[in-house]
Structure formats: C-alpha cells, structure tokens
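# I would like the atomic coordinates for the input below:
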Amino acid sequence: MTDLAKIPVTVITGFLGSGKTTLIRHLMANPQGKRLAILVNEFGTVGVDGDILKSCADANCPVENIVELANGCICCTVADDFIPTIEALMAMPVRPDHILIETSGLALPKPLLKAFDWPAIRSKITVDGVIALADAEAVAAGRFAPNVEAVDAQRMADPSLDHETPLSEVFEDQISCADIILMSKADLAGEAGLAAARAVIVAESPRPIPILSMSEGIIDPALILGLNSKAEDDLAARPSHHDGADDHEHDDFDTVVIDLPEISDVDALVAAIQRLATEQHVLRVKGYVAVTGKPMRLLVQAVGTRVRHQFDRPWGASPRKGQLVVIAEHHDIDLAAIRAVLGA
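Okay, the predicted model is just below:
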C-alpha cells in the first residue's frame with residue numbers, strides 16, 4: 001500500500017485545559033468534506049471529553065467513529081489498546097478519511113509517534129501532523145516554562161534543587177514534537193500576552209515551528225490538516241526529555257474521581273474549585289454536576305482558578321449523579337481535603 005492510500009492521523013496534544021476538545025469540536029463542524037474518526041485518550045476513568053464530542057456527532061463523524069480510551073496512556077498500552085482501536089476504525093464498513101487523536105493533557109507525544117512504526121499498522125496509517133496547543137495566557141504568566149536566568153540563579157544557590165518540574169518537561173516535550181503550535185485563548189491573553197507566550201515557545205522549540213493564535217478553538221482546518229509530515233519517520237528532529245528511556249511514567253500525577261450529591265449553589269461550587277487550586281494545588285477539574293431544579297446537567301471545566309461551566313444537555317434517563325475528575329501532582333493529592341472542600 002502506498003503512502004497515498006494510508007489514512008492520515010492528526011495527533012492533537014497540549015497541556016491540561018489548553019482547548020484540545022474545543023478545537024476538535026470545531027474540526028467536526030468543519031470537516032472539509034472528510035469523514036472523520038476520533039480517538040480520545042483520557043487520564044482517569046471518567047470520559048468527559050469523549051462524552052462532549054459524542055454529543056456533537058453527525059454524518060461526517062458518527063458516534064461510532066468516536067472512541068474513548070480511558071484510564072491509561074495510549075503510548076503505554078500500545079499493543080493492548082491503541083493498535084486494536086486503530087485496526088477497528090480501519091475495519092469499519094465506511095473507512096474514515098482522517099483520524100484525530102486527542103491525547104491526555106499529561107501525555108508525551110513522542111512515544112505515541114513510535115507506535116505508528118508497529119508492523120500491524122505502519123502500512124495503513126501515517127501521522128499527518130502533530131498539533132500542540134499552548135494556553136497563551138498561562139504560558140505568558142510563566143507557569144509552564146521557567147525563566148532561564150532565574151533557574152540558573154537557583155541552581156547556583158542550591159545545586160540539589162530540582163529546577164525542572166514534571167509539568168515543564170511535559171510542556172517542553174509537547175512543543176518539541178509539534179509540526180504546528182496553536183496558542184489558544186488568545187482573547188484572554190491579549191496582544192502583550194501573545195507576544196510573551198510566543199517568546200517562551202520560540203525559546204523552547206528545537207527548530208523553527210509555525211506558531212498561530214486562536215480563540216474558542218476556531219482556526220481554518222486547512223492550516224492544520226493535510227500537512228503530510230510523516231512524523232513517524234522524523235523522530236530524530238523531535239527531541240524529548242525521555243529520549244533513551246524504555247518508557248515513561250505518569251507517577252508524578254494522580255487522578256481522583258469525586259462523587260457529588262445534587263447541589264443548589266453553583267457559585268459555591270465554583271468557589272470550592274478555586275480553593276482547590278490555591279490551597280491543594282489542583283491542576284485540573286472536569287466533570288458533570290446535578291443542580292437542584294435544573295433538568296440539564298452542569299458541565300464543569302476548570303484549569304487552576306479559571307472555572308467555566310454551562311448546562312449542556314438533559315440528564316434524561318441517566319441517574320442524576322455528579323462526578324468530578326480532579327488531577328494534581330502526586331505529592332499534592334489529599335483525597336480527604338479535596339472531598340471536604342467539595343462537600344462530597
């Protein structure tokens with residue numbers, strides 16, 4: 001089978017809450033005449049992102065073309081999960097024209113690219129491109145890339161200091177692996193923030209990489225699809241902190257799922273989630289909540305102290321059971337404290 005017959009795959013990576021799902025929803029609404037399939041890799045057992053995307057399914061991307069792989073990084077479970085899922089998508093009665101893979105916010109993209117070299121799928125699919133999303137507002141604030149001069153000063157003052165945090169390594173690996181970088185939430189960052197974020201990204205990039213800005217996931221699909229980068233054959237140009245390692249670990253992060261009773265005060269829940277970010281150093285909160293007197297479920301998406309929520313669809317016959325996924329670095333997870341703050 002020639003390269004032209006291979007199904008192109010776009011890998012969409014980016015830190016927690018950078019806007020990957022919002023971007024994919026935009027691509028679903030603007031498929032450019034292509035029949036899409038989507039593979040969503042969640043970090044945790046509750047598939048919030050996959051559920052959101054399934055609610056947007058249509059003729060160009062029917063619900064059976066949207067597959068969730070939860071509670072396990074696909075680059076760590078290649079033989080058991082990733083390859084069978086890809087083979088199942090390719091064996092569908094109507095094959096997809098393009099596959100989108102949304103990695104978890106904690107995933108390192110390079111090990112996933114290596115999976116495309118497996119004999120079972122190498123002749124059938126190719127990596128069209130790796131798209132890395134960076135939250136422009138957060139990057140501009142210096143939360144994911146440390147100031148080099150400050151790091152050097154700290155190293156000189158304390159040689160034993162671990163100046164490279166796991167979060168910064170994840171961010172840098174995602175940037176290094178990308179074909180295109182999208183600075184998301186440009187409207188929140190402003191012109192000065194975008195300029196600051198661009199400078200950080202350029203400093204971290206191992207080679208010149210196009211950097212585009214976007215808001216609400218809206219960007220011309222022609223800019224990010226059809227790149228034909230064949231990234232699986234170009235690994236040497238995509239350096240990683242984990243090059244040379246047999247695998248990588250997610251032990252630096254923990255995920256807990258909190259069952260919540262029905263609530264009556266949405267503002268109080270928002271305040272509680274903000275407390276988790278400031279007091280418990282929680283990175284990400286996402287899930288659904290039942291609100292008294294409201295037939296629709298409340299979708300909650302939080303990154304740090306920034307909390308967004310909206311009523312997305314009726315509970316219907318589903319039990320009105322609230323669940324929130326809470327993600328933090330391993331040493332910051334205090335289940336009892338988290339439950340207490342949320343009133344669970």
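# Show me where the stretch 151-300 of the chain has its strands.
180-184, 211-213, 253-260, 284-289, 296-303 (DSSP state E, counting those that start in this stretch).
# pLDDT averaged over the shortest one, what's the number?
Regarding strand 211-213, the rounded mean pLDDT is 93.
# Kindly report the same for the fourth one.
Strand 284-289 carries an average pLDDT of 85.
# What strands flank it, and is each parallel or antiparallel?
Note on strand 284-289: by DSSP bridges, its sheet partners are strand 296-303 (antiparallel), strand 322-329 (antiparallel).
# do the first one as well
On the basis of DSSP bridges, the sheet neighbours of strand 180-184 come out as strand 125-135 (parallel), strand 211-213 (parallel).
# Deepest-packed of those, please.
strand 125-135 (a mean of 25; mean count of other CB atoms under 10 Å). Yep, even glycine has a C-beta here, placed from its N, CA and C like the rest.
# What is the distance between the helix or strand just after it and the centre of its chain?
Using DSSP states H and E, the helix or strand that follows strand 125-135 in sequence is helix 136-140. Put simply, helix 136-140 sits 16 Å off its chain's centre (CA atoms, centre = their mean, to the nearest Å).
# mind checking pLDDT for the spatially most central residue of the chain?
For the chain, the residue sitting closest to the mean C-alpha position, by CA atoms, centre = their mean, is G105 at 3.6 Å. pLDDT, G105: 70.
# Mark out where each domain of the chain begins and ends.
Annotated domains of the chain cover 3-237, 253-342 [automatic domain parsing].
# Can you lay out the strands paired with strand 284-289 as JSON lines showing distance to T10?
Formatted as JSON lines, these follow (distance: least, CB to CB, whole Å):
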{"stretch": "strand 296-303", "distance to T10": "22"}
{"stretch": "strand 322-329", "distance to T10": "24"}
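# And those strands: which comes nearest K124?
strand 322-329 (32.9 Å; CB to CB).
# buried set for the closest one?
G322, Q323, L324, V325, V326, I327, A328 (16 or more other CB atoms under 10 Å).
# The fourth one contacts L260, correct?
Looking back up the chat, that one is V325. No - using CB atoms under 8 Å, V325 makes no contact with L260, being 11.5 Å away.
# quick one: terminal-to-terminal distance for stretch 30-39?
Using CA to CA, to the nearest Å, the end-to-end distance of stretch 30-39 comes to 18 Å.
# Just the buried positions in that stretch, please.
Buried-residue list, stretch 30-39, by 16+ other CB under 10 Å: N30, P31, K34, R35, L36, A37, I38, L39.
# Please apply the same query to stretch 118-126.
I121, I125, T126.
# I'd say V202 and A195 touch.
No - using CB under 8 Å as the test, V202 is too far from A195 to be in contact (10.7 Å).
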